[in-house]
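Asker: Okay, sequence plus prediction incoming.
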Amino acid sequence: MNVKVYYVSPKGCAETIADAIAKELKCTKEALMPAYMPENVSMMFIGCEGRKADKVTLGFLSSLNVNRVRNAALFSCSPKRENTAIIQMREILESKGINVLEGSKAFPGKGFLSGKKPGLEDLEAARKFAAESMNSIK
């Protein structure tokens, strides 16, 4: 099965989560800039940082279609574990006809004042999220 893990991570939190997912699934992670456009991907994990999804992530998702990606699992890293970014990503992907799995995940992210980042418990949750997501499409 062709599986890809993409992320945008200016503060390193989404990359940390993407790394845990990629290791669990034994695939590589790839930053969206400069990522190659996916082709015939069975399952895509994609994550970003911040309360809202950034322009790079939204632009990338807008360029996708069901011939490029069939299923997607979403994650975000935000100081308050908000899911606004996940909602934005889901809306774009679903409008393209891409199946977005239930159970998207919000992890902690470094904020201006919070300083929190994903810890060992979050990395275990990311691995579990990856495995459960894959099992849900088999």
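Answerer: In hand now; what should we look at?
Asker: For residue 89, give me its contacts.
Answerer: Residues in contact with residue 89 (CB atoms under 8 Å, 6 or more residues apart in numbering) are 46, 48, 53, 57-58, 61, 72, 74, 76, 100. Placement of C-beta: from N, CA and C, glycine included.
Asker: Now those residues in CSV, please, with extra columns for pLDDT.
Answerer: Shown next, in CSV, are these (pLDDT from 0 to 100):
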residue, pLDDT
46, 97
48, 95
53, 94
57, 96
58, 96
61, 96
72, 97
74, 97
76, 93
100, 97
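Asker: filter the residues you listed to the buried ones?
Answerer: The neighbour count (16 or more other CB atoms under 10 Å) marks 46, 48, 53, 57-58, 61, 72, 74, 76, 100 as buried among the contacts of residue 89.
Asker: Restricted to helices, list the residues you listed.
Answerer: Among those, the members found in helices (DSSP state H) are 57-58, 61.
Asker: I'd like the next helix or strand past the helix or strand bottoming out on mean pLDDT in the chain.
Answerer: The weakest-scoring helix or strand in the chain, judged by mean pLDDT, DSSP states H and E, is strand 105-108 (a mean of 85). Next along the chain after strand 105-108, taking DSSP states H and E as the criterion, comes helix 120-137.
Asker: Buried residues, that next one. List them.
Answerer: 122-123, 125-127, 129-130, 133-134.
Asker: now for that helix, which elements pack on it?
Answerer: helix 13-25, strand 41-49, strand 69-78, strand 105-108 (3 or more CB pairs under 8 Å, 6 or more residues apart in numbering; DSSP states H and E).
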